[in-house]
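A.B. asks: Sequence first, predicted model second:
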Amino acid sequence: MATADDDALYVLTAVLLTPAQFPSVLGDDYPAACAALGLEPYAEGYGLVLGQDGEGARWTVIIDDVSLVAVAIASWDCGMEYDLSPDERSVVAALPGWPLAVATAAPGLPAPHDPEPEEGDRTPLSPPDGTTWGPAQRRLGADEVALQWAAWRAEMDGEGDGKDPAAEADAGPADRPGTADMAARGGQAAAVGAGDGTADPAGMAGMAERAEGAGPGGVADGRVTAQGDDPRDPYDGVRRALAELRGYLEDAPPVGRVRSSFAAGGARMLRADGPGWSLVARTDDMAFVLLDDEPHEVLPVARGPKLPGLLEALDAMAVRPS
């Protein structure tokens with residue numbers, strides 16, 4: 001998309017904005033993500049092209065040629081070059097700023113900066129503040145848990161220690177090796193701007209025990225046990241999230257609230273969001289919940305006889321990448 005023209009856009013990266021794939025920083029669902037950019041939630045979706053103009057200013061160009069952006073992303077992921085040059089007729093809008101953090105910059109241009117505002121211009125887009133915790137950071141944390149799932153489960157299942165992971169499949173988190181370590185790592189993964197990035201393994205281990213139903217106010221495989229006396233019990237929020245998820249099965253939420261993607265071994269990776277909470281789960285495994293009210297914490301929900309049915313039902317209603 002770069003030319004000799006001063007208005008050229010030097011493309012740095014691109015992302016999809018579709019019902020099944022959208023930057024989670026923008027909202028809990030597809031309509032909310034579109035609204036954050038002033039777009040109508042068309043079923044076909046959009047492509048977001050992030051780059052710099054000839055002065056180095058940040059711009060997000062929104063196009064309706066979703067296939068073009070999908071091919072470019074797939075090529076880049078494979079280490080191949082791809083000249084992403086959308087036709088001007090496909091451009092829906094050009095917004096100042098970037099909604100996501102971009103680590104690269106165009107060579108030979110001034111450092112990335114917001115363009116000089118003109119009267120009537122909207123506030124430039126910007127990534128979420130990494131020093132605070134809120135809905136955007138919570139959703140990013142859940143995305144990170146999904147990305148790091150394989151490493152976490154290998155650690156939890158005691159890979160290489162002679163234990164049979166299949167024999168532990170029905171155990172709650174507190175019964176499995178490495179739960180405290182995993183929970184601590186989860187807190188770090190979800191800790192967008194968590195200061196020193198440390199977590200409290202002992203505290204997280206206690207949450208894992210409550211997740212198994214071992215303590216008051218615990219959650220076991222999606223079942224709610226008796227509530228404890230602690231008014232700050234983080235599993236109050238988990239119980240609310242699970243109840244809202246069950247509600248999704250009766251009254252369909254906005255499109256994109258529940259998304260399903262490929263996972264190894266024939267399973268599916270689920271991502272679901274709601275007011276104040278995010279869930280990530282594998283259909284053949286356990287689940288984790290992140291809450292606005294519990295900064296930087298990843299709360300495990302044990303697998304048992306009821307969680308699989310809930311996850312399968314959510315997967316059946318979820319939107320999937322085409």
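C.D. replies: Looks like it arrived, so ask away. Numbering: from 1, shown residues only.
A.B. asks: Who does the closest residue to residue 244 other than its chain neighbours form a beta bridge with?
C.D. replies: With sequence-adjacent residues excluded and distances taken as Cβ to Cβ, 6 or more residues apart in numbering, residue 244 is closest to residue 274, at 4.8 Å. For every residue, glycine as well, the C-beta is placed using N, CA and C. On the basis of DSSP bridges, residue 274 is bridged to residue 277.
A.B. asks: Flag the shaky bits of this protein, pLDDT-wise.
C.D. replies: The chain contains residues with pLDDT under 70 at 1-7, 152, 154-231.
A.B. asks: need the strands for it, in chain order.
C.D. replies: Per DSSP state E, the chain carries strands over the ranges 10-17, 46-52, 58-63, 91-96, 219-220, 223-224, 258-262, 268-274, 277-282, 287-291, 299-301.
A.B. asks: Please state the offset of the third one from the chain centre?
C.D. replies: For strand 58-63, the gap between its own C-alpha mean and the chain's C-alpha mean amounts to 22 Å (Cα atoms, centre = their mean, to the nearest Å).
A.B. asks: cool, the longest one as well?
C.D. replies: Relative to the mean C-alpha coordinate of its chain, strand 10-17 is positioned 18 Å out (Cα atoms, centre = their mean).
A.B. asks: As JSON lines, the strands of the chain with mean neighbour count and distance to residue 118 would be great.
C.D. replies: Listed next are the strands of the chain as JSON lines, based on neighbours: other Cβ atoms under 10 Å; distance: least, Cβ to Cβ, whole Å:
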{"stretch": "strand 10-17", "mean neighbour count": "19", "distance to residue 118": "21"}
{"stretch": "strand 46-52", "mean neighbour count": "24", "distance to residue 118": "18"}
{"stretch": "strand 58-63", "mean neighbour count": "22", "distance to residue 118": "14"}
{"stretch": "strand 91-96", "mean neighbour count": "16", "distance to residue 118": "10"}
{"stretch": "strand 219-220", "mean neighbour count": "23", "distance to residue 118": "52"}
{"stretch": "strand 223-224", "mean neighbour count": "16", "distance to residue 118": "54"}
{"stretch": "strand 258-262", "mean neighbour count": "19", "distance to residue 118": "37"}
{"stretch": "strand 268-274", "mean neighbour count": "22", "distance to residue 118": "35"}
{"stretch": "strand 277-282", "mean neighbour count": "25", "distance to residue 118": "37"}
{"stretch": "strand 287-291", "mean neighbour count": "28", "distance to residue 118": "39"}
{"stretch": "strand 299-301", "mean neighbour count": "28", "distance to residue 118": "46"}
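A.B. asks: Output the biggest helix by length in the chain as CSV, nothing but the C-alphas.
C.D. replies: Across the chain, the longest stretch assigned as helix under DSSP state H is helix 235-250. Only the C-alpha atoms of helix 235-250 are listed here, as CSV (Å, rounded to 0.1, in the frame of the first residue of the first chain):
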residue,chain,number,x,y,z
TYR,A,235,-15.5,-17.6,43.4
ASP,A,236,-18.6,-15.4,43.8
GLY,A,237,-17.6,-14.0,40.5
VAL,A,238,-16.9,-17.4,39.0
ARG,A,239,-20.4,-18.6,40.1
ARG,A,240,-21.9,-15.6,38.4
ALA,A,241,-20.0,-16.2,35.2
LEU,A,242,-21.0,-19.9,35.1
ALA,A,243,-24.7,-18.9,35.7
GLU,A,244,-24.5,-16.4,32.8
LEU,A,245,-22.9,-18.9,30.6
ARG,A,246,-25.8,-21.3,31.2
GLY,A,247,-28.1,-18.4,30.4
TYR,A,248,-26.4,-18.1,27.0
LEU,A,249,-27.7,-21.5,26.2
GLU,A,250,-31.3,-20.3,26.6
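A.B. asks: any idea how far the nearest residue to residue 109 once chain neighbours are set aside is from residue 317?
C.D. replies: Excluding the flanking residues, the one nearest residue 109 by Cβ to Cβ, 6+ apart is residue 56, at 4.3 Å. Residue 56 sits 45 Å away from residue 317, going by Cβ to Cβ, to the nearest Å.
A.B. asks: likewise residue 93?
C.D. replies: With distances taken as Cβ to Cβ, residue 93 is found 31 Å from residue 317.
A.B. asks: Same question for residue 131.
C.D. replies: Distance from residue 131 to residue 317, by Cβ to Cβ: 36 Å.
A.B. asks: neighbour-wise, which of residue 56 and residue 317 wins?
C.D. replies: For residue 56 and residue 317, the more surrounded residue by other Cβ atoms under 10 Å is residue 56, and the numbers stand at 16 against 13.
A.B. asks: wouldn't that one be in contact with residue 113 here?
C.D. replies: Yes - if you go by Cβ atoms under 8 Å, residue 56 and residue 113 touch, sitting 6.1 Å apart.
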